[in-house]
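Q: Here you go, sequence then predicted model.
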Amino acid sequence: MVKKIEHIGIAVKNLKQANEVYEKLLGGPPYKIESVESEGVNTSFFQTGESKIELLEASHPNSAIAKFIEKKGEGIHHIAFAVEDIKAEMERLKKEGFKIINEHPIKGADNQWVCFVHPKDTKGVLIELCQKIT
Ligand code: ZN
């Protein structure tokens with residue numbers, strides 16, 4: 001069961017510059033800046049009430065974020081839903097006919113197990129499921 005929108009991911013060309021913009025916009029600095037080597041991204045997180053904003057910058061030219069920006073420019077990259085049990089939720093969605101991009105949950109940014117649902121099955125929006133690593 002989905003608990004809430006955990007965060008919205010925004011693809012940016014330059015994380016440092018984007019952090020300055022979002023710090024002004026949200027009235028405070030990111031609470032975390034983290035690189036996720038396996039995903040080829042540098043990220044920062046801003047708390048916005050119960051949810052968060054994640055800024056994502058490509059850390060190498062083959063990163064999915066680099067390809068996204070090449071095609072679509074900067075902007076909303078994914079919506080992440082917090083779930084209780086990511087494996088159960090992946091099974092449920094597979095049965096419903098959704099294409100899950102990862103076979104198993106992967107370790108994402110900000111201490112979460114994550115997986116992605118293909119945007120072709122979700123009206124063009126990349127969906128991330130995440131479960132807090134406890
Ligand atoms: Zn995310």
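A: Good, I have the coordinates.

Q: C-alpha from now on. contacts and neighbour counts both.
A: Noted.

Q: Going along the chain, name the helices of the protein.
A: For the chain, the helices defined by DSSP state H occupy 15-26, 64-72, 86-95.

Q: Please identify which of these is closest to residue 9.
A: Residue 9 sits nearest to helix 64-72 of all the helices of the chain, at 10.6 Å, using C-alpha to C-alpha.

Q: now the closest one: mean pLDDT?
A: Averaged across helix 64-72, pLDDT comes to 96.

Q: thinking again about what came up before, select, out of the helices of the chain, the one closest to residue 54.
A: Residue 54 lies closest to helix 15-26 among the helices of the chain, at 10.1 Å (C-alpha to C-alpha).

Q: Tell me which residues of that closest one come out buried.
A: In terms of neighbour count (16 or more other C-alpha atoms under 10 Å), helix 15-26 has its buried residues at 15, 18-19, 22.
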